[in-house]
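Colleague: How does the following fold in three dimensions:
(chains A and B)
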Amino acid sequence: MNPIFACALWLAPVLLLLAMACALVRLLRGPSAEDRILALDTLYVAAALLVLVLGVRANGGGAYFEVALLIALLGFASTSAMAKFVLRGEVVE
Amino acid sequence: MRHLAELPGWVQAVCGALLLLGAALALIGAVGVLRLPNFFQRVHATTLASTLGGWSVGVAAALYYSFSAQRVALHPLLVPALLTLTVPVSTFFLMRAAVFRHRLAGTPGVPGNLGAAAAEKDVPARTDEGQ
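Modeller: Residues are numbered from 1 along each chain as shown, chains lettered A, B, ... in the order given. Model (predicted):
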């Protein structure tokens, strides 16, 4: 196997996990509500990319691509709902 | 379905480089979210992961699936396409909420309502009412 590819298959999930850890620290530290929502936004984008990378690692088996698509869709809905909540105090008016 | 090691050499190299680039950009964006001093600077950092990072991982996955199944498989590109369409919209919502809250709190460095400054100069102001 090509050394770049072998290295990437191990290093890319590690880098994405580190990215999720950074976002998680910001999520726990705050300080304000919008900071936490932004951290959650970063977290779900990194999670969707991680699932895509794991799909390549799994050599085509499993439903990784569908899971990544679901994470991206639900992440958008949740971020929009939380931003609306921070702005207005309720989600559905 | 071919095994990972049976793919052509250049496909492996390009795939690996794109995966590393996308993961590194996601990490740089997340470190920015963690380290930058205030919210309005942090909001810039997330875009690294959702635009170039997402596309490079998506292109790598599409290349891998195409060569592994030996047919054109572009479905992994749906994920970065969806991210590119939705992340700016949700970030814009979040940004409006943050500006609203910071104006209410009177945070220094956040400009006030632009309508108030324009009204003093007798210029018709663009207001945020009715939205």
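Colleague: Please look at residue B:42 and residue B:32 and confirm they touch.
Modeller: Yes - using CB atoms under 8 Å, residue B:42 is in contact with residue B:32, at 6.8 Å. Backbone N, C-alpha and C define where each C-beta goes, glycine included.
Colleague: shaky segments in chain A?
Modeller: Residue ranges of chain A with pLDDT under 70: A:60, A:93.
Colleague: For the closest residue to residue B:3 other than its chain neighbours, pull up the helix or strand it's in.
Modeller: In space, and not counting its chain neighbours, residue B:3 is closest to residue A:59: 6.6 Å by CB to CB, 6 or more residues apart in numbering or on different chains. Following DSSP states H and E, one finds residue A:59 outside all helices and strands.
Colleague: now do residue B:109
Modeller: Per DSSP H and E: nothing holds residue B:109, as it lies in no helix or strand.
Colleague: Can you give me the neighbour number for it?
Modeller: Neighbours of residue B:109 under the rule other CB atoms under 10 Å in any protein chain shown: 7.
Colleague: phi, psi of it?
Modeller: For residue B:109, the backbone dihedrals (degrees, to the nearest 10) come out as phi 100, psi -10.
Colleague: which element is the residue nearest to residue B:74 when sequence neighbours are not counted on?
Modeller: Once flanking residues are discounted, residue B:74 sits nearest to residue B:62: 5.4 Å by CB to CB, 6+ apart. For residue B:62, the element it lies in under DSSP H and E is helix B:54-69.
Colleague: packing partners for that helix?
Modeller: helix A:33-57, helix B:9-35, helix B:78-105 (3 or more CB pairs under 8 Å, 6 or more residues apart in numbering or on different chains; DSSP states H and E).
Colleague: Just say which of these is most tucked in.
Modeller: Each of the helices and strands packed on helix B:54-69 was given a mean neighbour count from mean count of other CB atoms under 10 Å in any protein chain shown, and the largest, a mean of 24, is that of helix A:33-57.
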